[in-house]
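Participant: Below are the sequence and a predicted model for it; my questions follow.
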Amino acid sequence: MTQPDSIDAVQKMLGAQGYVCGRALATVVFLSLKLGRPLFLEGEAGVGKTEIAKAMAAGLNRRLIRLQCYEGLDASSAVYEWNFPAQMVAIRTAEAAGGADRGTLQSELFSDEYLVERPLLQAMRPDENGAPVLLIDELDRTDEPFEAFLLEALSDFQVTIPELGTVKAPQPPIVIVTSNRTREVHDALKRRCLYHWVDYPDFDREIEILHTRAPEATEALSREVVAFVQRLRTEDLFKKPGVAETVDWAKCLLALDVINLSPEVIGDTLGTILKYQDDIQKLQGSEAKRILDQAKADLELA
């Protein structure tokens, strides 16, 4: 598929993949594709940042390459590694055969045959469907040295392998960087990207998302679920439920043949929307009923 030529086309493309996209987000996605700039998405966990990359890859019919960030991630783990076990086997085989030329053996050992490509190097390779979508997920989990390396890699879209030379992308990948903002990402990296804060959706948009992801849910149940979750996000919780939890909860309620929310049903299924025991403990007893009553009152006023 060719790249969308308008903001409306972006919304339509993402919508076809089940991703409900507001105009502000569609605009920055369109500009990222049009200008060839990396897209930096920041927001709470569970608001759909990773899903945007998946929907873009599917909508554009491009390969999705994901670099999952973690503490201690370094350049070698993100770019390439040598297959040392296979190299050792080749060395032992050559020694057993005898008469192996040292220079020839070394050139064979450090060739593409023994190269293990990691996400950044994979994204630099040509692809028949066009440049892949490179998702650099949860960058805030890494440290500053990796950020500095990534800044350089995204500047030139090339990486250097000492034994093989420089690999340059024939066409820059479509880069999406996400952060849950557990720490601040350096301004130098942000300046290279187009930025968008992905917030929790409003009531109407979350209903639309639920209709897309859990179409079996009745209108009444969907409205109660979204109203309750939106009320829950105003509480003092360690981890507020994201859109992913809303969808999961609705699917669990459907599996239990629930027609309407009740304090008992909420108490039995809290582990679907809250992931910390302290948060779950806060909603035991009358708290769940209080929030449910507030949610139902909101629906009556809507």
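Facilitator: That came through fine. Residues are numbered from 1 along each chain as shown.

Participant: For the stretch 101-250 of the chain, which segments count as helices?
Facilitator: 102-109, 119-124, 144-156, 187-191, 203-213, 219-232, 243-255 (DSSP state H, counting those that start in this stretch).

Participant: A9 sits in which helix or strand?
Facilitator: In this structure, A9 sits in helix 7-16 according to DSSP states H and E.

Participant: Let me see the residues that make contact with that helix.
Facilitator: Residues outside helix 7-16 that contact it (C-beta atoms under 8 Å, 6 or more residues apart in numbering) are 1, 4, 20-21, 23, 26-27, 29-30, 33, 52, 55-56, 59-60. All C-beta atoms are positioned from the backbone trio N, CA, C, and that covers glycine.

Participant: before we move on, back to that, out of the helices of the stretch 101-250 of the chain, the one nearest A131 is which?
Facilitator: Closest to A131 of these, according to C-beta to C-beta: helix 119-124, at 8.1 Å.

Participant: which stretches of this protein aren't confidently modelled?
Facilitator: Along the chain, segments meeting pLDDT under 70 span 1, 99-101, 103, 302.

Participant: Report the central residue of it.
Facilitator: T50 (2.0 Å; C-alpha atoms, centre = their mean).

Participant: Any idea how far whichever helix or strand it is part of is from the middle of the chain?
Facilitator: For T50, the host element (DSSP H and E) is helix 49-60. Offset of helix 49-60 from its chain centre (C-alpha atoms, centre = their mean, to the nearest Å): 9 Å.

Participant: what residues does the next helix-or-strand element following that helix touch?
Facilitator: Sequence-wise, the next helix or strand downstream of helix 49-60 (DSSP H and E) is strand 64-68. Strand 64-68 is contacted by residues 53-54, 57-58, 78, 118-120, 122-123, 132-138, 173 when judged by C-beta under 8 Å, 6+ apart.

Participant: Which elements pack onto the helix ranked longest in the chain?
Facilitator: Secondary structure assigned by DSSP state H gives helix 286-301 as the longest helix of the chain. For helix 286-301, the elements it packs on are helix 219-232, helix 263-273, judged by 3 or more C-beta pairs under 8 Å, 6 or more residues apart in numbering; DSSP states H and E.

Participant: Give me the contact list for the first one.
Facilitator: Defining contact as C-beta under 8 Å, 6+ apart, one finds that helix 219-232 is touched by 200, 203, 206-207, 210-211, 214, 217, 240-241, 245-246, 249-250, 253-254, 258-261, 266, 273, 283, 291-292, 294-296, 298-299.

Participant: now stretch 142-161
Facilitator: Under C-beta under 8 Å, 6+ apart, the answer for stretch 142-161 is 38, 69-75, 78-80, 115, 120-121, 124, 136, 139, 166-169, 172-173, 175, 185-186, 188-189, 192.

Participant: mind running it again at 6 Å?
Facilitator: 38, 69, 73, 75, 79, 121, 166-169, 172, 186, 188-189, 192 (C-beta atoms under 6 Å, 6 or more residues apart in numbering).

Participant: Likewise for stretch 27-46?
Facilitator: Contacts of stretch 27-46 (C-beta under 6 Å, 6+ apart): 3, 7, 10, 49, 154, 172, 175-181, 190, 193-198, 242, 244-245.
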